[in-house]
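Colleague: structure, please.
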Amino acid sequence: MYIPPAFRIDEAASLAFAAARGFGLVIACADGRTTASPLPFYIDQAAGGRWLAFHVARDNRLADLAASGGRWLVAVWGADAYVSPRWYASPDQVPTWLYESVQLAGPVRVMSDAEQRDHLDRLTAAFEAHQAPAPPWTVDFVTPGRREALMRAIVAVEMTIESVEGSFKLNQHKSDADHVAVAAALAGQDNAGARAVAAHMMALRPHLAYGANERDWADEQTLAPAK
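Modeller: The predicted model follows:
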């Protein structure tokens, strides 16, 4: 991924972002053909390494490719928004797009049947945690016959994370005046992505004056739990 120095984020922040997002585009290439699927995942980190786990339908071409191994890429994205040059305080600006993106890459392997059940439990628990205080749903709520049929219909895959690249393009290279002007303009857009980008920009330079309404809204977004 092309990353200008001003927008690069370190590995720890990149992994934390990807883990919190838990959803990305899984990409594999074989025999000159690229295959990709948007999939939920979770990330494991331990002293011995870092891993990303997901599953695909058995009929998905990724399932066949995983059996042969190879190095895959997972692209994770967050908020993004268009920026009009009219919003800047400085003249001679051009249109641009702000975004948050992380790419993880490494070799993959197919999990065993025993690992697959643990994988499903962990993946479900990770996202059911957002439903609190409601009790979490588990695969045990599915009747045994149906559960076994569904498990046979998927292939669980683990990717060893060998490469981590993160780019948060949030106008870090712009002046304070331009930063405030663009963040305030984004906060006023009728678009959730634009408002999220505005909140993240304000968090980067909290000492600046953005206006009470914009700043109060940004504080609410920053404190809101990740989805």
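Colleague: for the chain, what spans make up the helices?
Modeller: Here the chain has its helices, by DSSP state H, at 11-21, 61-67, 113-128, 144-152, 176-187, 192-204, 212-223.
Colleague: and the longest strand for this structure?
Modeller: Longest strand in the chain by number of residues, with DSSP state E as the criterion: strand 96-110.
Colleague: for it, name the packing helices and strands.
Modeller: Contacts defined by 3 or more C-beta pairs under 8 Å, 6 or more residues apart in numbering; DSSP states H and E place strand 96-110 against helix 11-21, helix 61-67, strand 71-83, strand 154-160, strand 163-169, helix 192-204. C-betas here are computed from N, CA, C, even on glycine.
Colleague: what's the average pLDDT for the fourth one?
Modeller: What it means is strand 154-160. In this model, strand 154-160 has an average pLDDT of 97.
Colleague: same deal with the third one?
Modeller: Per-residue pLDDT values across strand 71-83 average out to 97.
Colleague: export only the CA atoms of that strand, formatted as CSV.
Modeller: Taking C-alpha atoms only, strand 71-83 is exported to CSV below (Å, rounded to 0.1, in the frame of the first residue of the first chain):
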residue,chain,number,x,y,z
ARG,A,71,0.1,-15.5,0.9
TRP,A,72,-3.1,-13.5,1.2
LEU,A,73,-4.1,-9.9,1.9
VAL,A,74,-6.8,-8.6,4.2
ALA,A,75,-7.8,-5.0,3.5
VAL,A,76,-9.6,-3.2,6.4
TRP,A,77,-11.2,0.2,6.1
GLY,A,78,-12.8,2.6,8.4
ALA,A,79,-14.5,6.0,7.9
ASP,A,80,-13.9,7.9,4.7
ALA,A,81,-15.1,11.2,3.2
TYR,A,82,-14.7,13.5,0.3
VAL,A,83,-13.2,17.0,0.9
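Colleague: coming back round to it: and the helices and strands packed on strand 96-110 as CSV, adding mean neighbour count and distance to Gln103?
Modeller: As requested, those are exported to CSV (neighbours: other C-beta atoms under 10 Å; distance: least, C-beta to C-beta, whole Å):
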stretch, mean neighbour count, distance to Gln103
helix 11-21, 17, 9
helix 61-67, 18, 17
strand 71-83, 19, 5
strand 154-160, 21, 12
strand 163-169, 19, 5
helix 192-204, 20, 19
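Colleague: dump those to JSON lines, plus distance to Tyr210.
Modeller: Putting those into JSON lines (distance: least, C-beta to C-beta, whole Å) gives the following:
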{"stretch": "helix 11-21", "distance to Tyr210": "23"}
{"stretch": "helix 61-67", "distance to Tyr210": "44"}
{"stretch": "strand 71-83", "distance to Tyr210": "16"}
{"stretch": "strand 154-160", "distance to Tyr210": "40"}
{"stretch": "strand 163-169", "distance to Tyr210": "19"}
{"stretch": "helix 192-204", "distance to Tyr210": "6"}
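Colleague: any stretches of this protein with poor pLDDT?
Modeller: The chain contains residues with pLDDT under 70 at 212-227.
Colleague: same thing but 50
Modeller: Applying pLDDT under 50 to the chain flags the ranges 215, 221, 223-227.
Colleague: roughly how far does Ala16 sit from Lys169?
Modeller: Noted for Ala16: a distance of 18 Å to Lys169, by C-beta to C-beta, to the nearest Å.
Colleague: how about Gly22?
Modeller: If you go by C-beta to C-beta, the gap between Gly22 and Lys169 works out to 22 Å.
Colleague: likewise for Gly188?
Modeller: 20 Å.
Colleague: any idea which of the helices and strands packed on strand 96-110 gets closest to Ala30?
Modeller: helix 61-67 (5.4 Å; C-beta to C-beta).
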